[in-house]
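Undergrad: can't give you the sequence, but here's the structure:
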(Lines give C-alpha, C1' and ligand atoms only; values in the text may rest on other atoms or scores of the structure.)
Protein backbone atom coordinates (compact mmCIF):
# COMPACT_ATOMS: atom_id res chain seq x y z
CA UNK A 1 0.00 0.00 0.00
CA UNK A 2 1.14 3.53 -0.67
CA UNK A 3 -0.67 4.95 2.28
CA UNK A 4 1.01 6.96 4.95
CA UNK A 5 0.32 6.31 8.59
CA UNK A 6 -1.65 8.28 11.12
CA UNK A 7 -1.97 7.99 14.84
CA UNK A 8 -3.91 7.67 16.88
CA UNK A 9 -6.50 5.70 14.93
CA UNK A 10 -9.15 7.11 17.24
CA UNK A 11 -9.21 9.93 19.75
CA UNK A 12 -11.97 10.85 22.18
CA UNK A 13 -11.70 14.04 24.23
CA UNK A 14 -13.90 16.50 26.10
CA UNK A 15 -15.13 19.64 24.44
CA UNK A 16 -12.73 22.48 25.05
CA UNK A 17 -9.63 20.29 25.15
CA UNK A 18 -6.99 20.29 22.45
CA UNK A 19 -6.74 17.43 19.97
CA UNK A 20 -3.47 16.37 18.36
CA UNK A 21 -3.17 13.98 15.45
CA UNK A 22 0.03 12.77 13.86
CA UNK A 23 0.92 11.66 10.36
CA UNK A 24 4.00 10.02 8.90
CA UNK A 25 4.89 9.62 5.26
CA UNK A 26 7.48 7.70 3.33
CA UNK A 27 8.91 9.72 0.47
CA UNK A 28 10.22 13.19 -0.19
CA UNK A 29 7.28 15.54 -0.53
CA UNK A 30 6.38 18.88 -2.03
CA UNK A 31 3.57 19.56 0.41
CA UNK A 32 1.30 17.89 2.92
CA UNK A 33 -2.39 18.54 3.27
CA UNK A 34 -4.96 17.82 5.95
CA UNK A 35 -8.56 16.99 5.15
CA UNK A 36 -11.65 16.42 7.24
CA UNK A 37 -14.39 13.90 6.50
CA UNK A 38 -17.80 13.69 8.10
CA UNK A 39 -19.74 10.45 8.18
CA UNK A 40 -17.56 8.69 5.61
CA UNK A 41 -18.51 10.99 2.75
CA UNK A 42 -16.89 13.99 1.06
CA UNK A 43 -13.53 15.30 2.18
CA UNK A 44 -13.00 18.95 2.97
CA UNK A 45 -9.59 20.54 2.58
CA UNK A 46 -8.39 22.16 5.81
CA UNK A 47 -4.83 23.32 5.37
CA UNK A 48 -1.74 22.81 3.20
CA UNK A 49 1.82 23.10 4.44
CA UNK A 50 4.71 23.34 1.99
CA UNK A 51 7.88 21.32 2.41
CA UNK A 52 9.87 24.46 3.21
CA UNK A 53 7.47 25.49 5.97
CA UNK A 54 7.65 24.20 9.53
CA UNK A 55 4.41 25.52 10.99
CA UNK A 56 1.18 26.95 9.75
CA UNK A 57 -1.95 28.28 11.42
CA UNK A 58 -5.54 28.62 10.29
CA UNK A 59 -8.06 29.65 12.91
CA UNK A 60 -8.03 26.95 15.60
CA UNK A 61 -5.83 24.70 13.49
CA UNK A 62 -2.08 24.45 13.81
CA UNK A 63 -0.05 22.20 11.54
CA UNK A 64 3.61 21.36 11.90
CA UNK A 65 5.90 19.61 9.46
CA UNK A 66 9.21 17.91 10.22
CA UNK A 67 10.73 16.77 6.95
CA UNK A 68 13.72 15.18 8.69
CA UNK A 69 11.34 12.81 10.50
CA UNK A 70 8.86 12.68 7.60
CA UNK A 71 6.05 13.57 9.96
CA UNK A 72 3.34 16.16 10.48
CA UNK A 73 0.91 16.96 13.24
CA UNK A 74 -2.47 18.65 13.30
CA UNK A 75 -3.54 20.41 16.47
CA UNK A 76 -7.11 21.55 16.97
CA UNK A 77 -7.38 23.92 19.90
CA UNK A 78 -10.44 24.51 22.06
CA UNK A 79 -12.28 21.61 20.43
CA UNK A 80 -16.01 21.74 19.78
CA UNK A 81 -18.57 18.98 19.34
CA UNK A 82 -18.80 20.00 15.68
CA UNK A 83 -15.14 19.02 15.21
CA UNK A 84 -16.18 15.38 15.50
CA UNK A 85 -15.05 13.82 12.21
CA UNK A 86 -12.26 11.80 10.65
CA UNK A 87 -9.09 13.64 9.77
CA UNK A 88 -6.73 12.56 6.99
CA UNK A 89 -3.31 13.68 5.93
CA UNK A 90 -2.33 13.52 2.28
CA UNK A 91 1.20 14.04 1.04
CA UNK A 92 2.07 15.18 -2.44
CA UNK A 93 5.38 14.05 -3.88
CA UNK A 94 7.61 16.39 -5.74
CA UNK A 95 7.59 14.20 -8.81
CA UNK A 96 3.89 13.99 -9.53
CA UNK A 97 0.41 15.15 -8.70
CA UNK A 98 -0.75 12.13 -6.72
CA UNK A 99 -1.82 12.48 -3.13
CA UNK A 100 -0.74 9.66 -0.82
CA UNK A 101 -3.26 9.30 1.98
CA UNK A 102 -3.05 8.14 5.56
CA UNK A 103 -5.68 5.88 7.09
CA UNK A 104 -7.11 8.71 9.16
CA UNK A 105 -7.79 9.57 12.77
CA UNK A 106 -11.34 9.36 14.02
CA UNK A 107 -11.90 12.24 16.42
CA UNK A 108 -14.83 12.30 18.84
CA UNK A 109 -15.51 15.41 20.89
CA UNK A 110 -17.71 14.74 23.88
CA UNK A 111 -19.96 17.64 24.87
CA UNK B 1 -22.06 24.22 -10.20
CA UNK B 2 -20.80 25.49 -6.88
CA UNK B 3 -19.11 22.25 -5.93
CA UNK B 4 -18.37 18.74 -7.13
CA UNK B 5 -21.49 16.64 -7.39
CA UNK B 6 -21.80 12.88 -7.66
CA UNK B 7 -24.72 10.68 -8.54
CA UNK B 8 -26.17 8.48 -7.31
CA UNK B 9 -25.54 9.00 -3.61
CA UNK B 10 -26.06 5.32 -2.97
CA UNK B 11 -26.12 2.36 -5.30
CA UNK B 12 -27.05 -1.19 -4.40
CA UNK B 13 -26.46 -3.81 -7.03
CA UNK B 14 -26.09 -7.54 -7.36
CA UNK B 15 -22.87 -9.37 -7.98
CA UNK B 16 -22.16 -9.57 -11.69
CA UNK B 17 -24.10 -6.45 -12.67
CA UNK B 18 -22.78 -3.36 -14.43
CA UNK B 19 -22.80 0.06 -12.72
CA UNK B 20 -22.04 3.61 -13.74
CA UNK B 21 -21.10 6.33 -11.30
CA UNK B 22 -21.20 9.95 -12.38
CA UNK B 23 -19.13 12.94 -11.34
CA UNK B 24 -19.79 16.57 -12.22
CA UNK B 25 -16.70 18.63 -11.33
CA UNK B 26 -16.42 22.29 -10.53
CA UNK B 27 -16.90 24.30 -13.69
CA UNK B 28 -13.61 25.16 -15.35
CA UNK B 29 -11.54 22.58 -13.49
CA UNK B 30 -9.31 20.74 -15.92
CA UNK B 31 -8.21 17.97 -13.58
CA UNK B 32 -10.52 15.26 -12.29
CA UNK B 33 -9.68 12.38 -9.97
CA UNK B 34 -11.46 9.21 -8.92
CA UNK B 35 -10.72 7.55 -5.59
CA UNK B 36 -12.10 4.55 -3.77
CA UNK B 37 -12.42 4.46 -0.01
CA UNK B 38 -13.06 1.38 2.06
CA UNK B 39 -14.36 1.55 5.60
CA UNK B 40 -11.74 2.79 8.03
CA UNK B 41 -9.23 3.58 5.30
CA UNK B 42 -8.01 6.63 3.46
CA UNK B 43 -8.87 7.23 -0.18
CA UNK B 44 -7.14 5.03 -2.74
CA UNK B 45 -6.27 6.63 -6.06
CA UNK B 46 -7.94 5.14 -9.14
CA UNK B 47 -7.56 7.46 -12.13
CA UNK B 48 -6.68 11.04 -13.03
CA UNK B 49 -7.96 13.00 -16.03
CA UNK B 50 -6.38 16.03 -17.64
CA UNK B 51 -9.14 17.39 -19.77
CA UNK B 52 -10.63 14.56 -21.80
CA UNK B 53 -7.71 12.16 -21.49
CA UNK B 54 -6.77 9.80 -18.71
CA UNK B 55 -3.33 11.01 -17.72
CA UNK B 56 -2.86 8.22 -15.20
CA UNK B 57 -5.06 5.15 -14.78
CA UNK B 58 -2.52 3.17 -12.80
CA UNK B 59 -4.83 2.90 -9.80
CA UNK B 60 -7.62 1.04 -11.57
CA UNK B 61 -7.60 -2.39 -9.92
CA UNK B 62 -8.36 -4.43 -13.03
CA UNK B 63 -9.95 -4.26 -16.46
CA UNK B 64 -13.46 -4.38 -15.02
CA UNK B 65 -13.00 -0.72 -14.14
CA UNK B 66 -13.08 1.98 -16.78
CA UNK B 67 -13.65 5.73 -16.72
CA UNK B 68 -14.38 8.33 -19.36
CA UNK B 69 -14.57 12.09 -19.57
CA UNK B 70 -15.58 12.69 -23.20
CA UNK B 71 -16.05 16.46 -23.11
CA UNK B 72 -13.57 17.32 -20.41
CA UNK B 73 -16.22 17.99 -17.81
CA UNK B 74 -18.51 15.23 -16.51
CA UNK B 75 -16.86 11.88 -15.89
CA UNK B 76 -18.35 8.43 -15.56
CA UNK B 77 -16.72 5.55 -13.72
CA UNK B 78 -17.90 2.23 -15.08
CA UNK B 79 -17.60 -1.09 -13.30
CA UNK B 80 -18.40 -4.31 -15.13
CA UNK B 81 -19.25 -7.66 -13.55
CA UNK B 82 -19.30 -6.18 -10.08
CA UNK B 83 -17.92 -8.19 -7.19
CA UNK B 84 -18.64 -7.92 -3.48
CA UNK B 85 -15.12 -6.59 -2.97
CA UNK B 86 -16.02 -3.56 -5.08
CA UNK B 87 -18.25 -2.31 -2.28
CA UNK B 88 -16.85 1.03 -1.12
CA UNK B 89 -17.40 4.76 -1.31
CA UNK B 90 -16.27 6.11 -4.66
CA UNK B 91 -15.06 9.68 -4.40
CA UNK B 92 -14.52 12.17 -7.17
CA UNK B 93 -12.42 15.31 -6.88
CA UNK B 94 -11.46 18.13 -9.20
CA UNK B 95 -8.77 20.77 -9.22
CA UNK B 96 -7.94 23.75 -11.37
CA UNK B 97 -5.21 22.26 -13.52
CA UNK B 98 -3.72 19.21 -11.82
CA UNK B 99 -0.22 20.46 -12.46
CA UNK B 100 -0.03 23.20 -9.85
CA UNK B 101 2.10 21.98 -6.98
CA UNK B 102 -0.02 23.60 -4.29
CA UNK B 103 -3.44 22.92 -5.72
CA UNK B 104 -6.34 21.93 -3.57
CA UNK B 105 -8.50 19.04 -4.65
CA UNK B 106 -12.21 19.60 -4.11
CA UNK B 107 -14.17 16.49 -3.32
CA UNK B 108 -17.71 15.46 -4.04
CA UNK B 109 -19.90 13.73 -1.44
CA UNK B 110 -19.16 10.31 -2.88
CA UNK B 111 -21.23 7.39 -4.11
CA UNK B 112 -21.64 4.53 -1.67
CA UNK B 113 -21.67 1.31 -3.69
CA UNK B 114 -22.90 -1.91 -2.15
CA UNK B 115 -22.60 -5.12 -4.12
CA UNK B 116 -24.74 -7.91 -2.73
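TA: Arrived safely. Quick caveat, the model's predicted, so the values are computed rather than measured. Residues are numbered from 1 along each chain as shown, chains lettered A, B, ... in the order given.

Undergrad: which residues are contacting stretch A:55-67?
TA: A:28-29, A:32, A:34, A:46-49, A:51, A:53-54, A:71-78 (Cβ atoms under 8 Å, 6 or more residues apart in numbering or on different chains). Placement of C-beta: from N, CA and C, glycine included.

Undergrad: near chain B too, which of those?
TA: residue A:48 (Cβ under 8 Å from any Cβ of the partner chain).

Undergrad: from the contacts of stretch A:55-67, which would you call buried?
TA: Buried subset of the contacts of stretch A:55-67 (neighbour count, 16 or more other Cβ atoms under 10 Å in any protein chain shown): A:29, A:32, A:34, A:46-49, A:51, A:71-74, A:76.

Undergrad: I'd like the list of the contacts of stretch A:55-67 that fall within strands, please.
TA: Counting by DSSP state E, the contacts of stretch A:55-67 place A:29, A:32, A:34, A:46-49, A:71-76 in strands.

Undergrad: where in the chain is pLDDT low?
TA: Because you didn't say which chain, this covers chain A. For chain A, applying pLDDT under 70 flags the ranges A:1-3, A:40.

Undergrad: hmm, I had chain B in mind actually
TA: Ranges of chain B meeting pLDDT under 70: B:1.

Undergrad: Flag every residue of it that's near chain A.
TA: B:4, B:31, B:37, B:39-45, B:48, B:56, B:89, B:91, B:93, B:98-99, B:101-102, B:104-110, B:112.

Undergrad: Just the buried ones among those, please.
TA: Applying 16+ other Cβ under 10 Å to the residues of chain B next to chain A flags B:4, B:31, B:37, B:41-45, B:48, B:56, B:89, B:91, B:93, B:98, B:105-110, B:112 as buried.

Undergrad: about what we covered before: quick one: which of the ones in strands among the contacts of stretch A:55-67 is nearest to chain B?
TA: residue A:48 (6.2 Å; Cβ to the nearest Cβ).

Undergrad: That closest one against residue A:35, yeah?
TA: No - using Cβ atoms under 8 Å, residue A:48 is not in contact with residue A:35, being 10.0 Å away.

Undergrad: Quick check: neighbours shared by these two?
TA: What both residue A:48 and residue A:35 touch, as defined by Cβ under 8 Å, 6+ apart, is an empty set.

Undergrad: Hmm, residue A:79 and residue A:20 touching each other?
TA: No - the criterion here is Cβ under 8 Å, and residue A:20 misses it with residue A:79 at 10.5 Å.

Undergrad: Which of these two has more residues huddled nearby?
TA: residue A:79 (21 against 15; other Cβ atoms under 10 Å in any protein chain shown).

Undergrad: what's near enough to touch that one?
TA: Counting by Cβ under 8 Å, 6+ apart, residue A:79 has contacts A:13-19, A:107, A:109.
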